[in-house]
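Asker: with the input below, show me the fold.
(one chain, ligands or ions: 1)
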Amino acid sequence: MRDLDEERGYAGRCREALRRMVAGARENVVVGEDTWGDRYTAERLGYYLKTLARDMGEEGDNPPFFGVIAYGDTEAGEHRGQTYYLGRRHISDAIGRPPLVIDWRAPVSATFYQASAVEPRGIDTRRRFGWSGNTLTSFEDEHLRTGTPSSAGELVRREIERARVGPMRDIVATIQPEQDTLVRTGLDVSVCIQGAPGTGKTAVGLHRAAYLLYAHRSRLERNGVLVLGPNRAFLHYISAVLPTLGEVDVEQTTIEQLLDREVRAVDDPTAAAVKHDPRMADVLRKAVYGRISEPEQAVVVSDESYKWRVNQHEFAEMVAEAEATTYLTGRERVIARLVAALQRQAEARGQNCNGVWMRRMARAVTPYVEEVWPLLKADEVLADYLSDPSQAGILTADEQRAIAWSRPRKAKSARWTAADAVLLDEVSALLERCPTYGHVIVDEAQDLSPMQCRAIARRSEHTSITVLGDLAQGTSAWAATDWTTQLAHLGKPTAEIVALSTGYRVPATVVELANRLLTALDVTVPPTTSYRSDGELTITRVDDLAFACVDSVQGALREEGSIGVIAADHQLPGVSDALKAAGIETSAADGDGRVAVVPASLAKGLEYDHVIALEPAEIVAAETRGLNRLYVVLTRAVSRLDILHSRDLPPEL
Ligand SMILES: Nc1ncnc2c1ncn2[C@@H]1O[C@H](COP(=O)(O)OP(=O)(O)OP(=O)(O)O)[C@@H](O)[C@H]1O
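Answerer: Down below sits the predicted model:
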């Protein structure tokens, strides 16, 4: 194997080759712009080449590789005696020659992540590289056959324990074997990953998206990959990971944004609970299909030559048969069948039924169809239903009262709530099938209501999903308490449930404290162990919370890393003011400042090197699932957690 200088030389060669690839891609953009072909093809090609050139150009500053594996000389098969460098992207210096660097997603790269002294998989040596910026500073070898790892694990440990600054980074250099298995699970398999805070669920989900796009590019590009996260602050935090991995076309959004409805009102908790209940699916189906009635007359229409007729019984059969499909398609089908029946009669009489005649007949039968199968719009159906929920039954009288509008309204004057947006989506899907994605990754899935799950299920009806979550972090009123039920709502009842149990974020001392809450959370989740033995925890009783917080932030600012001040939502303005008065610049949860001031309700999925958690008792008291919220808050810390409290700590702590 090469010594450090030789490795640096190889890195230089890789960079040079990458530069030539970028130049080549840029040239192709110019050529691509002149490509002969239809406009769509030319546009797609131009877009692809520009993206490639841009990504590769930006890549220039990244280390070209992070590891290398050397197969043994005695190994049978194509890899015998071969050496493979692994990086974020494939680098080659000449067509037909072996690549200088192999993409981390290529099949052979799996060996880098999976091989061990117990199961070397043909590998003699695995080398990991340490970089300082763009300079290669060290490497670390594991001799897997002889079982003599030389300081192995130090580079990995350093990477995992590094202070966090800025947005989330990719983990390609240090993916752990159990994570790699999940990342590389096939496209046809739906999987549910239950993992305690910091076990890498989000990281695995994002790397899985990148992997699937690499392995099934043409299948996935058609329908796209969707990543759903809990809120915009979270999406901001993870936004850089996929682009660094060369994937810029993944849609990353929240369920609320996906449903794309203007929300102008808020439900009270009882109404929201009813609207998110899975029985609403039956209620709405009834509200929609209840509009279809049995024909009470025959269809009789005429053209210049003759009067044509479909009798009542035949018409009723057409209606009954079409009910099996979506509402609007069914309606179109009835019209088409009626026209076809008329056409048969006309042709039997020797009439020529051209397109004009067919359209005319379709117009003529439509009023008959409208009478038994009226045209509907989703917002009109829901407005009508919420004006009088008793019409569809199923719910109890109390539940109907909880969601009923105080006075009947038309769709135009409706002020929809977030829960209504989910119901509108359900009704829309009853009317017309919605487009599906090639793969959907759902993060923090424990918080989704059954009705939200259904919205996701129909967008992945014939494809697979990756479900990520932690039952212990469920904070919504409808949070799942077991995965089997949640997976059924998500339309994937047989998805495999896999647990991740090693935490890479939260230090052991903090995990130990947070775990004290687990028994009170009423969920069964596997215990976790922290990979990290470092980290600090302080718990301090103070008289003046704001003053103590300023003091703590000032101390934290002397160290490196991001700082997150997390408090119950209602306490946040006071804390922000105090920090501002002390001259400390702060940013919101979705900002990029050094000190973020974060309401407890938005902390999910985020992490800060140093967390200052204020008044746990307030966080618990602020909401029904307050203890779960506190569990989330305490597990955001990477290197250090300071808990400041003026009231007694919750007894569970
Ligand atoms: N194999 C790894 N190598 C390096 N860092 C890792 C690895 N796995 C996870 N991490 C890091 O650990 C931190 C936690 O990961 P992540 O946010 O994916 O966990 P999570 O399970 O989604 O947590 P939560 O449930 O709290 O949202 C991140 O900074 C991530 O980059």
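Asker: so how far is the helix or strand harbouring Ala488 from its chain's centroid?
Answerer: Secondary structure assignment for Ala488, by DSSP states H and E: helix 483-489. The chain centroid and the centroid of helix 483-489 are separated by 17 Å under Cα atoms, centre = their mean, to the nearest Å.
Asker: can you name the element that comes right after the lowest-mean-pLDDT helix or strand in the chain?
Answerer: Counting by mean pLDDT, DSSP states H and E, the chain has its least confident helix or strand at helix 39-59, which shows a mean of 58. Note on helix 39-59: by DSSP H and E, the next helix or strand toward the C-terminus is strand 67-71.
Asker: next one: that next one to chain centre, how far?
Answerer: Centre-to-centre, strand 67-71 and its host chain are 33 Å apart (Cα atoms, centre = their mean).
Asker: give me the contacts around the helix or strand that comes right after that strand.
Answerer: For strand 67-71, the following helix or strand on the C-terminal side (DSSP H and E) is strand 83-87. Residues outside strand 83-87 that contact it (Cβ atoms under 8 Å, 6 or more residues apart in numbering) are 1, 10, 14, 63-71, 100-104, 108-109, 112. Quick note: C-beta positions are derived from backbone N, CA and C, even for glycine.
Asker: ok, strand 83-87: who's next to it in the sheet?
Answerer: According to DSSP bridges, strand 83-87 forms sheet pairs with strand 67-71 (antiparallel), strand 102-103 (parallel).
Asker: in TSV, list those strands along with mean pLDDT, mean neighbour count and distance to the ligand.
Answerer: Formatted as TSV, those follow (pLDDT from 0 to 100; neighbours: other Cβ atoms under 10 Å; distance: least, Cβ to the nearest ligand atom, whole Å):
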stretch	mean pLDDT	mean neighbour count	distance to the ligand
strand 67-71	95	23	13
strand 102-103	94	22	18
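Asker: got the residues of the stretch 151-300 of the chain near the ligand?
Answerer: By Cβ under 6 Å from any ligand atom, the residues of the stretch 151-300 of the chain that approach the ligand are 159-160, 168, 171, 174-176, 179, 195, 197-203.
Asker: how about the residues of the chain near the ligand?
Answerer: Close to the ligand, as judged by Cβ under 6 Å from any ligand atom, the chain has residues 159-160, 168, 171, 174-176, 179, 195, 197-203, 470, 473, 504-505, 605, 607, 635.
Asker: list the contacts of Trp104.
Answerer: By Cβ under 8 Å, 6+ apart, the residues touching Trp104 are 66, 86-88, 112, 172.
Asker: measure Thr185 to the ligand for me?
Answerer: According to Cβ to the nearest ligand atom, to the nearest Å, Thr185 and the ligand sit 16 Å apart.
Asker: just Thr524 next, same as before
Answerer: Going from Thr524 to the ligand by Cβ to the nearest ligand atom gives 17 Å.
Asker: could you give the number of residues near that residue?
Answerer: Residues near Thr524, counting by other Cβ atoms under 10 Å, number 11.
Asker: what about it, which SS state?
Answerer: Of the three states, Thr524 takes coil under DSSP: H, G, I helix; E, B strand; the rest coil.
Asker: quick check, Gln252 in a strand?
Answerer: Yes: when classified by three-state DSSP, Gln252 is found to be part of a strand.
Asker: residues contacting it?
Answerer: Per Cβ under 8 Å, 6+ apart, neighbours of Gln252: 227, 229, 235, 238-239, 242.
Asker: hmm, 10 Å instead?
Answerer: Counting by Cβ atoms under 10 Å, 6 or more residues apart in numbering, Gln252 makes contact with 206, 209, 225-229, 234-236, 238-239, 241-242, 441, 443.
Asker: the ligand: which of those is nearest?
Answerer: Asp443 (7.0 Å; Cβ to the nearest ligand atom).
Asker: ok, the closest one - how many residues close by?
Answerer: Asp443: 26 neighbours (other Cβ under 10 Å).
Asker: where's it relative to Ile456, distance?
Answerer: To Ile456, Asp443 is 12 Å away according to Cβ to Cβ, to the nearest Å.
Asker: for Glu370, same thing?
Answerer: 34 Å.
Asker: neighbour-wise, which of the two wins?
Answerer: More neighbours surround Ile456 than the other of Glu370 and Ile456, with 23 against 12 (other Cβ under 10 Å).
Asker: touching, the more buried one and Thr254? I think so.
Answerer: No: in this structure, Ile456 is not within contact of Thr254 by Cβ atoms under 10 Å, at 11.7 Å.
Asker: any residues in contact with both of these two?
Answerer: Once Cβ under 10 Å, 6+ apart is applied, the residues that Ile456 and Thr254 both contact turn out to be Leu228.
Asker: using the three-state scheme, assign Val227.
Answerer: strand.
Asker: neighbours of it, how many?
Answerer: 25.
Asker: how many neighbours does Val204 have?
Answerer: For Val204, the number of neighbouring residues by other Cβ under 10 Å comes to 29.
Asker: that one: what secondary structure?
Answerer: helix.
Asker: who's in contact with it?
Answerer: Applying Cβ under 10 Å, 6+ apart, the residues contacting Val204 are 171, 175-176, 178-183, 185, 191, 193, 195, 211, 441, 466, 468, 498, 500.
Asker: next one: Val467
Answerer: With Cβ under 10 Å, 6+ apart, Val467 has these contacts: 190-194, 201, 205, 440-443, 445-446, 448, 453, 456, 483, 486-487, 490, 492, 495, 497.
Asker: one more time with 7 Å
Answerer: By Cβ atoms under 7 Å, 6 or more residues apart in numbering, the residues touching Val467 are 192-193, 442, 445, 487, 490, 495.
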